[in-house]
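J.: Turn this into a structure:
(2 chains)
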Amino acid sequence: MNTLPQQLANGLLLGSMYGLIAIGYTMVYGIVQLINFAHGEIFMTGAFGALTVYFYVLPDGTTMWAAVPLMLIGGAIVAILVAVGAERFAYRPLRQAPRLAPLITAIGLSLALQEVVRNFYPGADKARAFPSLDTTHDIGSVTIKDADIFLILAAVVCMASLAVFVRRSRTGRAMQATAQDPDTAQLMGIDTNRIIVIAFAIGGFFAAVAAVAYGLKYGNVDYRMGFLMGLKAFTAAVLGGIGNIYGAMLGGIVLGIAETLASAYIDEIPGMQQLGGQSWANVWAFCLLILVLLFRPQGLLGERVADRA
Amino acid sequence: MRQRSLVILTSVLTTGALTLTACGSRDDSGDKGGDSGDSTTLTIGVDAPLSGENSTTGLGIQYGAQIAVDDANKNKLVPGVTFKLKALDDKAQPATGQSNATALTGDDTVVGAVGPLNSGVAQTMQQVFASADMVQISPSNTAPELTQGKNWQTTKERPYKTYFRTATTDELQGSFAADYAYNGLKKKKAFVVDDKQTYGAGLARIFNAKFKELGGQVVATDHVNTGDKDFGSLVTKIKNSGADLLYYGGQYDESSLITKQLKDAGVKIPLFGGDGMFASTYIETAGKASEGDLVTSVGVPADTLPAAKQFIATYKSKGYKGDYGAYGAYSYDAATAIINAVKAVKDANGGKLPTDSKELRSKVVDAVQNSNFDGISGKVSFDQYGDTTNKQLTVYQVTKGEWKSVKTGTAD
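T.: Numbering: from 1, shown residues only, chains lettered A, B, ... in the order given. Sure thing, here's the model as predicted:
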């Protein structure tokens, strides 16, 4: 049996999830040059927001067709509130401070969010079951399940809407202007604080979509899920060119496929048996990152803004 | 103004800290006060994860030992000596376990310790107890090197004479699993995965060797990282390998995700693991996908032991938290072994305890080595490496959303 199509599908799915989260890193970085290390935890709170809707708001026995959109809304509200709250109360007071101050704040915030969920969310000290969509479909030699279809559709729709929003809408153009030069943008009458809040909110929304997809796919969520996913998504953002929204998606997909193929096929190469398998996937993913950065320090697509490319 | 408030804040904090310290030291002196007089109070230390990960099983160890101590006091097992328990939480962290061991050896009233739960934690504690010449009995550690040295496969050599355990080793557990998979389940092609940790990799290696020796085929092996969530690539490999069994060496955190993703991909083969997976969380996390999965665990299920009936009744009536099922009875026997050793030392010394706590601890170690009594999990005695001579193991299978024991046996 040829496993390549299935492995590519596995990689594409994983990569789409990385890409959705990476949008949050890249938008915030593009506008305020801040690496928001708490973004992985915003993703995690989005998952718990959706879980709350399912278990504590909706009546038992709600069909998934009705539940999933409401869970998305619930997750998005929580993630956006946390993201915007973090911006308002943790990062804005440090806007003029040296770069390291907001970075350390981000790391502190990430730990704080994890501990808040672990201590105060019922049953969150271990993995909590999340409703999953497990019906499978065979397309040729590829088996995918409903949750995978949801993930791909969500990634495509979100990405397309974001592209249109940034290019066509007034707010989108204001974002581009702020990314180019915040001071001048402000002089031109753009409310840069509002633009920054919108960037955080969009990041939070994408993280919530990824979080719901994660829950539906893996069937459980826990308070530590944001750490590794956040790290991978950040890597994807850098790989694609941090600050570039298309780069984030591309970087995510490249990273996901590279990881999957490495763990699937490296050990079949003669002499490389010791260096293959699932446990080496991260090593190969980061090797790829190093190689890309050696030859293209600005990432695969680079930043679109001329003065920072 | 700002400086003045800083001064006030500092002084308030300092006063607070001093008050707290004073409280602490008063408590300590209170403990030692129990030494004088006709009745001596001795402490048995417990180290296990009492909060966070693994705490369900850890609390079972604490309360198992608590019941042993209560029984000994009630029945006046050692006349003139009252026992009490001092339980410390290691959070399943090796570093915390080590500092707990130091705290226990530093307390003169402590004669011996029960614990820890995790083999990785035990590795950091052994040296501390050995230096203090104090006995340590684990109810659940399974890594062979703890008693038989690093080269246990070729030359067995006991590293610490103060370390004992009432649980059997991974060596027996891995072989027992391979035997059940091949002869009991009639599986011929296994895919073996581990998490590269001391416990998981050891178990997988032993299973692998024994399964091949029996005539089975290991179609492929792979390793995962702890903390991984997506096993799509691994699942596709397993699906393509034609294996009829997946053996996993590691903890439930990863294996519950693997079994779910495996079955979602339409691969309906059972996952077989070790006692690290033997927890209700595994079933809760994996849901229906866990149905039919198997584990081996050390010992026999506590509720099938006739001698343990009283123990279980007490555990339930006291409303203790945690789960006594896996190691509670072994913990009870470990604590009882220490208590019996104290009695033996006292009897040999003309009915009096040695006044020097060092001498007492050292003699208790020797007395534990010579343990021979009927515990609630069976006969309690130790071989020359400190391993239990009671080598029972049980296979459990998920049946209708619960772990049910399917086979109990004695490893050879």
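
J.: CA only for contacts and neighbour counts going forward, please
T.: OK.

J.: How far does stretch B:377-393 stretch from one end to the other?
T.: Using Cα to Cα, to the nearest Å, the end-to-end distance of stretch B:377-393 comes to 12 Å.

J.: any idea of the mean pLDDT in it?
T.: The average of the pLDDT scores along stretch B:377-393 is 90.

J.: now stretch B:240-252
T.: 93.

J.: buried sites along the one helix or strand residue A:290 maps to?
T.: In the assignment (DSSP states H and E), residue A:290 maps to helix A:281-295. Neighbour-count burial for helix A:281-295 flags A:281-286, A:288-289, A:292-293 (criterion: 16 or more other Cα atoms under 10 Å in any protein chain shown).

J.: Ok, stretch A:219-235 next?
T.: A:219-227, A:229-235.

J.: Tell me how far it lies from the chain's centre.
T.: Taking Cα atoms, centre = their mean, to the nearest Å, one finds the center of stretch A:219-235 at 9 Å from the center of the full chain.

J.: Which pLDDT value belongs to whichever residue of chain A sits closest to chain B?
T.: Taking Cα to the nearest Cα as the measure, chain A has residue A:279 as its residue closest to chain B, at 4.4 Å. Residue A:279 is assigned 85 on the pLDDT scale.

J.: looking at it, residue B:117 is touching residue B:49, isn't it?
T.: Yes - between residue B:117 and residue B:49 there is a contact under Cα atoms under 8 Å: 7.1 Å.

J.: quick one: common contacting residues for those two?
T.: Common neighbours of residue B:117 and residue B:49 are listed as B:58, B:92 (criterion: Cα atoms under 8 Å, 6 or more residues apart in numbering or on different chains).

J.: Which residue ranges of chain A form strands?
T.: Taking DSSP state E as the test, the strands found in chain A are A:128-129, A:136-139, A:142-145, A:220-221.

J.: mind listing the helices in the stretch 201-309 of chain A by residue range?
T.: A:225-240, A:245-265, A:281-295 (DSSP state H, counting those that start in this stretch).

J.: Quick one, which of those helices gets closest to residue B:126.
T.: Closest to residue B:126 of the helices of the stretch 201-309 of chain A is helix A:225-240 (Cα to Cα; 33.1 Å).

J.: and that closest one, how far from the chain's centre?
T.: That offset, for helix A:225-240, works out to 7 Å (Cα atoms, centre = their mean).

J.: Likewise for stretch B:306-315?
T.: With Cα atoms, centre = their mean, you get 20 Å for stretch B:306-315.

J.: go on, stretch B:141-154?
T.: Taking Cα atoms, centre = their mean, one finds stretch B:141-154 lying 16 Å from the centre of the chain it belongs to.

J.: So what would you say the end-to-end distance of it is?
T.: Start to finish, the residues bounding stretch B:141-154 are 21 Å apart (Cα to Cα).

J.: which outside residues touch that stretch?
T.: Applying Cα under 8 Å, 6+ apart, the set of residues contacting stretch B:141-154 is B:116-119, B:122-123, B:156-160, B:163-165, B:167-171, B:198-199, B:202, B:385-387.

J.: Leaving out sequence neighbours, find the closest residue to residue B:124.
T.: Spatial nearest neighbour of residue B:124, chain neighbours left out: residue B:98 (5.5 Å); criterion: Cα to Cα, 6 or more residues apart in numbering or on different chains.
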